[in-house]
Every structure is written in C-alpha cells, then in structure tokens.
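Asker: Generate a structure from the sequence data that follows.
(2 chains)
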Amino acid sequence: MFAIKAVTPNVKYTLRLMSYMKKSRMVNNITVEVKAVSRVYQARKVVNALSLKLEQGKILGLLGANGAGKTTTMKMMAGHLMPTAGDIYICGMDITQNPKEAKALIGYLPEHRPLYKELTVDEYLEIAARFHKLSSHRIKQSIAFVKERCGLADVGKRVIEQLSNGYQQRVGIAQALIHAPMVVILDEPTVGLDPIQIRQVRSLMREIAQDASVIFSTHLLPEVEMICDDVHILDQGHTVYQADIHTLQHHMQTRSLVAAFKRPTNLQALYQLPNVLGMYHQNEHTVVVQYQHASPAEALVTMAVQQDWGLYLLNEQQSTLEDVFIQLAQSS
Amino acid sequence: MLFQVIRKEIKVLFASYIGWGMLAMFALVMGVLYTQSLSEYMQVMLGHVPTVEQIGLTKYIGANLFGTASLIMLVFIPLLSMRLLAEEQKNLTMAFMLSAPISLGEIVLGKFLSLIGFLMLMLVYLVLIICILNLWTDMDFGYIFANVLGLALLVSSFSAISLFISSLTRQPILAATLSFLALILCLFLDQLFEQQPNTIWVQLSMMQRYKSFAVGLLNTADIAFYLLVSGAFIFFTIRTLEHQRVFG
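Answerer: Numbering: from 1, shown residues only, chains lettered A, B, ... in the order given. This next block holds a predicted model:
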C-alpha cells in the first residue's frame, strides 16, 4: 500500500496507460485516433471526413471560425453524438462500440459549463467522482488534488452559483480532471475569462499535458501558437490545415519590416536589398517590406542613411497565425 | 451506477429547496384534510349528522386522503419531471451525465427511480398518519395496503409518462404543461367516453384502473396495466435520448 501511495502522478499515469495498452490494441502512445469521421445534421455535413491522431502528452488545438464544426467534432470525441460515418478510438477503444470504457478515459468540458449551480463545489466534484466510479477513499484524495490544481482550495464549501465566472470555469475544468483521464477535451476553455485567468488556464493545460493528452478548441490564434504541439484548422467541416506547430511556424516564415521615412522615397531601390520579396505602402510615409530568411534591416538602415530618406521608424513584424488562417480559409 | 444517478438527482432536488418545499406543501394539505376528516367523522359518529350508510374510519379517511393525494401528484409530477430532462437539456447540464461512463438506460432509469423515491416519501408520510389511528381504533390494513399500492402504481405510470414528455422538449414550462394535460387526459379518459363504456378508451383510463384499488381490491390485470405503462414510457424515453445522440 505504501509503495502505491508513494508514486507520483506521472508514474501513476504511465502505469495506467500501460494497463490500458495491454487491454486494448493501443499502439505507439496514440491516445486519440479519429478516422474519416463525418456528421450530417439536417442534410448538412457539419463535419466532413475529419481524421486526426494525437499522442500522449501532446496538446492539440482545434482552430476555426464559428460554425466550423469544432464543437460537433469534440462532442463526437466525447461520445455525446454518434458520428454519421467513421470511427473514433480513445486509447484504442472504439467509442461507439465500448462507450463506457472509452468515456472512463475522457475528461470533457463542453462550451457551456455543465454545472449544477445549487450545489457546493465539493458536492459537485463528489458527484463527478462517483460517476466515474472512484472508490470512497480515492474520492477525497482526488477532490483535494483537482481543487489544488485548479485553484479551488478556498471555495470548496461555497455554492457554485455565487462564484465568479472565472471560478465557475475552474470548477468546470476540475470536474473534467477528477478521474485523471487520459484524454482531456476542453471546448473553448478561455472564453469569457480575464487575461490573468486566461494565463492560469493555459498553464493549467500545459500541466495537464504532462500526463494526459489535451484537445482544445479556440478561435484565438495566439493561444494556439503559445501552447499547442499540433494544430488542426477547420473550415465548414473540412480540414483546411493539419500539422505540428513547428511546420506551421515554418510556413509563416515570410516576415516583414515596417519602415517609415520622413521624405519621399524611391521604393525601387529597396528591391536591391538582400532577401526582399516585395513591398507595399501602408500609408504615405510607411512602407512594409516583406522578406525571407534573414532580415535586411541593417542594409536598409545603411541605404536610408546614404540616401538621406529620414528613417524614423523600423519595426520587425512577424506574420501571425491569423494571416495563415485567413489565407487558408480564403483559399479553400 | 444506477444508485449514483438516483443519489445525484435527490441531492440536486434537495439542494434547490424544491424538494423541501414540495414535501412541506404535501404535509400541510394532507394534515389539514386529515384533521378535518377526523372531526367530520367524529360528528357522524356522535349522531350530529345523519349517516346514509355505516362506514369505517379507515375507509372514510382513506378515501379522502388517497383521492386528494392522487390529485396532488397530478400537479407535482409534471413539475418534478420537467426538471429531470427538459431543464437539464435547456441548461446544458445533461453533458455532465453523458460524459460519465453511464449508459442512457441507467440515466433514464435512475432519474425515474429518483422521482418515484421522492414521491414515496410522501406516501410513507400519508401511511404513517393513517396508521397512527390504530392506537385508538382497529384500522383496516388490507384496505390501506391496496390503496397505497394503487397510488404507488399510479404515481409510477404518471412519472414515466411525464418523463417521456420531458424528453421531447427543451422548454421546461412546455414540458410541465404538456404532461399535466396528458396526465389529466389519461386519468379521465373514461369520462370522455362515458357513452361508449365498452370501447378500449375506457380500459385505458387510469382512473378506471385506480377504482378497484380504491375500494380495496387487488386486481392483477390492473397491476400489470400500470407496470406496462411505466415500462413502455421509460423505454420510449431511452429511445428518444438515443435518437438525439444519433440525429440531434
């Protein structure tokens, strides 16, 4: 008994994962596998032949505008909706064939928090723990653990209704984590929170991903850049883009310099600078210079001084995921 | 798992004070009726009021209390069952139960049993205040048993029908209104078809079936009728939720 109590959460997860791998046909630490899943709602294909794979310990960002099919995809992964076609495997377990076994491995926070607001935080989490068949002595431990993790330690005795929006969101996340799931699915977990709370939720997600896989949806692009390992961009039910974050950042290598000059400039001269791809006027004085590989900033300053253009502003501008997203959404 | 679902429903019910409020209301109405019937019965016995026929205390009080209790259930059950599915769908809290490793059958059955369990508290109270009279006089326990069983069976089919209607809509008020109307229709179907006493409609009337229990008779056909209605509507409810999972 002592030995079991002494193991850290991380080791516990690995042990649990190994036992699941033995039971199911799980291979290569793949926790979620979605195979060509479609969902038809009133003769409209909300999700169309979506496939994805996620390894243990990775964070996957589902990105898309409103109505792109993010929520439907997540609902299917959590077993709330049946896919019209295709299969979903959680740790090698088919969610439509073995829903109970698969759901035991998933922690899900829907877009609208499913809170019974008349209960206290402790009561609510206890019900969540019991629903996931935790034994009586583990319930207390688990509640204390998730409360600590989600910053709810001081509000356990309070009624959920009286908590602020941010705290209610934490309760929502806590109920998804209570049974130490292998896959945590969070539908827009940072919507409606203030900047500090958003940062807390993000660091919490990173913490969760040390043991489990995390799938979350967002329409905030910097969020994906900040914490995801894999990105999946959806548009009207179709996969527009699917890669790990490094590949995506590689795609975004075209960068630009913003330069402002006091006196009218001969723009053609700028094309002689190394690595420059193109340029355009942002307004009368400001020019945006797009380049590849290395920055031509130094050469630009030298040229501006030589030709006396009166350079008074030079700013590096990295193209964001937003640019890529708009580009992808338009091209599809 | 079934037990956990029941436990959760009861807990939420009492956390919102609706549970306590309904119990208090039931106790109040029954208490007033009880004392009134008792004093009326005393007056009959003392000869102040002429008796048309001799009637026992159990039957006198029982007929009053059980009859009224069934009408109170007619109001309470739609109100309680609208919370169980329609309101959960509206507040989107249903996702909490759907995420847990519980089957739809367990969810529906658990919700149904929690409703029955809560209403049984009221029946226990009713039986207690009637049986307590046994201290002063001999009560007819057979009659009480038949009435309680009849009321319990009536409550169970009411609950199943209400739960089914609650699963059809996301609007709690609509669910409550619809199921109230449906229950009234089920109860008084025989009155509507009074002119044709041999049609199937009279056979389907809940009141018609309840009458034999009310006079202290246990008829297996009536017991089977109520159980079948309950079972059928629980099954329909599960099917509705399954349909929502596939097509909704």
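
Asker: which stretches of chain B form helices?
Answerer: Assigned by DSSP state H, chain B shows helices spanning B:2-15, B:18-45, B:57-82, B:88-90, B:94-99, B:104-131, B:141-168, B:172-187, B:189-192, B:200-204, B:206-214, B:220-247.

Asker: now for the fifth one, which elements pack on it?
Answerer: It refers to helix B:94-99. If contacts are counted by 3 or more CB pairs under 8 Å, 6 or more residues apart in numbering or on different chains; DSSP states H and E, helix B:94-99 sits against strand A:106-109. Using the backbone N, CA and C atoms, a C-beta is placed for each residue, glycine as well.

Asker: May I have the secondary structure class of the residue of the stretch 201-332 of chain A found nearest chain B?
Answerer: The minimum distance from the stretch 201-332 of chain A to chain B, using CB to the nearest CB, falls at residue A:215 (13.8 Å). Using DSSP: H, G, I helix; E, B strand; the rest coil, the secondary structure recorded for residue A:215 is strand.

Asker: How many residues are close by it?
Answerer: 29 (other CB atoms under 10 Å in any protein chain shown).

Asker: related to what we said a few turns ago, what would the helices of chain B look like in a markdown table with mean neighbour count and mean pLDDT?
Answerer: Output for the helices of chain B, formatted as a markdown table (neighbours: other CB atoms under 10 Å in any protein chain shown; pLDDT from 0 to 100):
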| stretch | mean neighbour count | mean pLDDT |
| --- | --- | --- |
| helix B:2-15 | 19 | 93 |
| helix B:18-45 | 14 | 91 |
| helix B:57-82 | 20 | 91 |
| helix B:88-90 | 21 | 92 |
| helix B:94-99 | 23 | 92 |
| helix B:104-131 | 19 | 95 |
| helix B:141-168 | 23 | 94 |
| helix B:172-187 | 19 | 93 |
| helix B:189-192 | 15 | 79 |
| helix B:200-204 | 14 | 77 |
| helix B:206-214 | 20 | 84 |
| helix B:220-247 | 16 | 94 |
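
Asker: So for residue A:184, which of the ones you listed sits nearest?
Answerer: helix B:94-99 (11.3 Å; CB to CB).

Asker: Let me see the contact set for the residue positioned nearest the centre of chain A.
Answerer: Nearest residue to the geometric centre of chain A (CA atoms, centre = their mean): residue A:61, 3.1 Å. By CB atoms under 8 Å, 6 or more residues apart in numbering or on different chains, the contact list for residue A:61 reads A:216, A:217, A:218, A:223, A:224, A:227, A:228, A:230, A:231, A:232.

Asker: hmm, back to that, so which of the helices of chain B is nearest residue A:302?
Answerer: Between the helices of chain B, helix B:94-99 lies closest to residue A:302; by CB to CB that is 61.4 Å.

Asker: residue boundaries of the helices in chain A?
Answerer: A:2-6, A:9-23, A:70-77, A:99-103, A:121-131, A:136-150, A:165-177, A:195-208, A:221-227, A:245-251, A:297-307, A:321-331.

Asker: show me the contacts for residue 159.
Answerer: This is for chain A. A:117, A:118, A:119, A:120.

Asker: Not quite, go with chain B.
Answerer: B:77, B:81, B:112, B:115, B:116, B:119, B:230.

Asker: what about residue A:301, how many neighbours?
Answerer: So residue A:301, with other CB under 10 Å, has 13 neighbours.

Asker: Nearest the geometric middle of chain B, what residue?
Answerer: Central residue of chain B (CA atoms, centre = their mean): residue B:155, at 2.3 Å.
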